[in-house]
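Participant: only the shape, not the letters, is given here:
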């Protein structure tokens with residue numbers, strides 16, 4: 001009998017539990033540790049933040065689902081992982097022993113690295129459902145007294161798609177409310193160019209997103225390093241290619257949403273051999289930690305080096321399709337170990353992304369995610385908006401049913417088919 005534990009019950013941890021079950025032997029035991037019992041669909045947070053979705057529409061209580069699937073579910077959260085003694089210390093003082101561990105915690109949001117930054121201070125966030133709800137309340141106050149608006153991603157951020165998405169969704173909503181003419185907008189990003197996305201671009205994301213920003217009268221600042229935020233001003237250093245400050249910006253705002261840098265969560269941060277200095281889990285091509293080969297990691301919490309040097313630190317995103325491939329490989333490899341076999345599965349690390357703009361959107365496919373690529377494609381159109389709506393409903397349906405079908409692979413096929421239909425192909 002082996003004790004298999006998954007820490008983290010977000011997107012990666014939940015589908016990890018579903019996909020791992022068929023690989024377990026009858027005598028094995030699976031435990032999923034979450035920070036609370038409620039799962040929420042993070043890609044829908046931008047819609048929640050302007051009122052296009054209610055919180056309840058994108059949340060699922062995992063207690064009943066995990067009980068039905070005979071997965072031991074612990075919702076008190078992990079306090080610290082002890083890789084040497086093979087234990088997960090819990091927030092309530094308890095502990096769970098493991099033979100095999102999958103770390104799927106997602107990131108810690110490093111708002112504290114910039115003075116005045118984050119939902120507890122002066123800027124909004126869409127990284128968590130609680131933040132999105134707070135951002136919606138702030139947006140309604142803003143709509144009653146419009147002014148300058150700033151959206152973007154700070155230095156060290158590694159997920160840029162939602163920043164673009166939210167900027168364009170805000171533009172769409174403000175036009176619907178006949179307020180857009182009263183709102184100067186600026187997009188601020190640590191990327192070296194618009195559409196870099198932490199991936200050195202995908203297809204013509206540079207041209208597509210620059211064109212979209214121009215068409216919507218949104219100014220932008222790239223190579224941006226946010227130094228501090230006050231109640232109505234964001235202070236930004238625009239860096240040159242040589243890494244020196246090229247220009248200073250004092251950006252007034254009445255509403256601002258800025259994505260933070262990510263780092264590893266407190267439960268693993270500082271554990272030698274397990275994580276890098278930033279707290280992200282070190283893994284090999286089999287998703288295993290080199291120092292502790294009984295520990296695997298998937299999702300946003302894994303360490304991936306940047307695609308290349310940039311004047312301002314830029315992280316690499318871990319998209320849903322990429323995470324799904326990590327889950328599939330990890331499940332197969334743990335299954336092999338349980339049967340005394342050698343793990344051989346490797347994740348494809350392909351990327352598929354749908355960025356909704358409210359009245360259009362951009363989709364891209366990168367195979368693999370890190371260049372050079374076999375597929376390097378991007379496209380925009382109203383079909384992307386409808387594709388994301390359809391995928392949200394499909395994904396939440398599958399989570400509620402506890403099904404482990406490869407969601408993102410199915411999304412890719414249906415997205416490309418939808419595109420053909422919209423084009424009359």
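Facilitator: Received, thanks. Keep in mind that this is a model prediction, so the values were computed, not measured.
Participant: now do residue 284 against residue 404, distance only.
Facilitator: Between residue 284 and residue 404 the distance, using Cβ to Cβ, to the nearest Å, works out to 24 Å. All C-beta atoms are positioned from the backbone trio N, CA, C, and that covers glycine.
Participant: where are the low-confidence patches of this protein?
Facilitator: When residues are selected by pLDDT under 70, those of the chain lie in 405-425.
Participant: list the buried ones in stretch 134-144?
Facilitator: 134, 135, 136, 138, 139, 142, 143 (16 or more other Cβ atoms under 10 Å).
Participant: ditto for stretch 276-295
Facilitator: With burial defined by 16+ other Cβ under 10 Å, the residues of stretch 276-295 counted as buried are 278-283, 286-289, 292, 294-295.
Participant: same thing with stretch 305-313?
Facilitator: Neighbour-count burial for stretch 305-313 flags 307, 310, 311, 312, 313 (criterion: 16+ other Cβ under 10 Å).
Participant: and what of stretch 357-372?
Facilitator: Within stretch 357-372, the residues that qualify as buried are 357-358, 360-370, counting by 16+ other Cβ under 10 Å.
Participant: export those residues to JSON lines and tack on distance to residue 30 and secondary structure?
Facilitator: Written out in JSON lines, the entries for the buried residues of stretch 357-372 read as follows (distance: Cβ to Cβ, whole Å; DSSP: H, G, I helix; E, B strand; the rest coil):
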{"residue": "357", "distance to residue 30": "40", "secondary structure": "coil"}
{"residue": "358", "distance to residue 30": "40", "secondary structure": "coil"}
{"residue": "360", "distance to residue 30": "42", "secondary structure": "coil"}
{"residue": "361", "distance to residue 30": "37", "secondary structure": "strand"}
{"residue": "362", "distance to residue 30": "38", "secondary structure": "strand"}
{"residue": "363", "distance to residue 30": "35", "secondary structure": "strand"}
{"residue": "364", "distance to residue 30": "35", "secondary structure": "strand"}
{"residue": "365", "distance to residue 30": "33", "secondary structure": "strand"}
{"residue": "366", "distance to residue 30": "32", "secondary structure": "strand"}
{"residue": "367", "distance to residue 30": "31", "secondary structure": "strand"}
{"residue": "368", "distance to residue 30": "30", "secondary structure": "coil"}
{"residue": "369", "distance to residue 30": "29", "secondary structure": "coil"}
{"residue": "370", "distance to residue 30": "31", "secondary structure": "coil"}
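Participant: now, which of these sits nearest residue 72?
Facilitator: The shortest approach to residue 72 among the buried residues of stretch 357-372 belongs to residue 369, at 33.0 Å (Cβ to Cβ).
Participant: so what's the closest residue to residue 192 other than its chain neighbours up against?
Facilitator: In space, and not counting its chain neighbours, residue 192 is closest to residue 310: 4.8 Å by Cβ to Cβ, 6 or more residues apart in numbering. With contact taken as Cβ atoms under 8 Å, 6 or more residues apart in numbering, residue 310 is in contact with 190, 191, 192, 196, 223.
Participant: quick one: residue 310 and residue 208, what's the gap?
Facilitator: Here the distance between residue 310 and residue 208 works out to 20 Å (Cβ to Cβ).
Participant: also residue 322?
Facilitator: Counting by Cβ to Cβ, the gap between residue 322 and residue 208 amounts to 21 Å.
Participant: how about residue 18?
Facilitator: Counting by Cβ to Cβ, the gap from residue 18 to residue 208 is 34 Å.
Participant: just residue 268 next, same as before
Facilitator: From residue 268 over to residue 208 (counting by Cβ to Cβ), the distance is 37 Å.
Participant: over to residue 42?
Facilitator: Separation of residue 42 from residue 208 (Cβ to Cβ) stands at 23 Å.
Participant: buried ones in the helix or strand hosting residue 390, by neighbour count?
Facilitator: Counting by DSSP states H and E, the element that carries residue 390 is helix 382-401. Taking 16+ other Cβ under 10 Å as the basis for neighbour counts, the residues of helix 382-401 that come out buried are 383, 384, 385, 386, 387, 388, 391, 392, 395, 396, 398, 399.
Participant: now that helix, how far from the centre of its chain.
Facilitator: Relative to its parent chain, helix 382-401 has a centroid offset of 16 Å by Cα atoms, centre = their mean, to the nearest Å.
Participant: what's it packed up against?
Facilitator: With contacts taken as 3 or more Cβ pairs under 8 Å, 6 or more residues apart in numbering; DSSP states H and E, helix 382-401 sits against strand 59-61, strand 351-356, strand 361-367, helix 407-423.
Participant: now it and strand 351-356, what's the angle there?
Facilitator: Interaxial angle of helix 382-401 relative to strand 351-356 (axes from the mean of the first three to the mean of the last three Cα atoms, to 10 degrees): 110 degrees.
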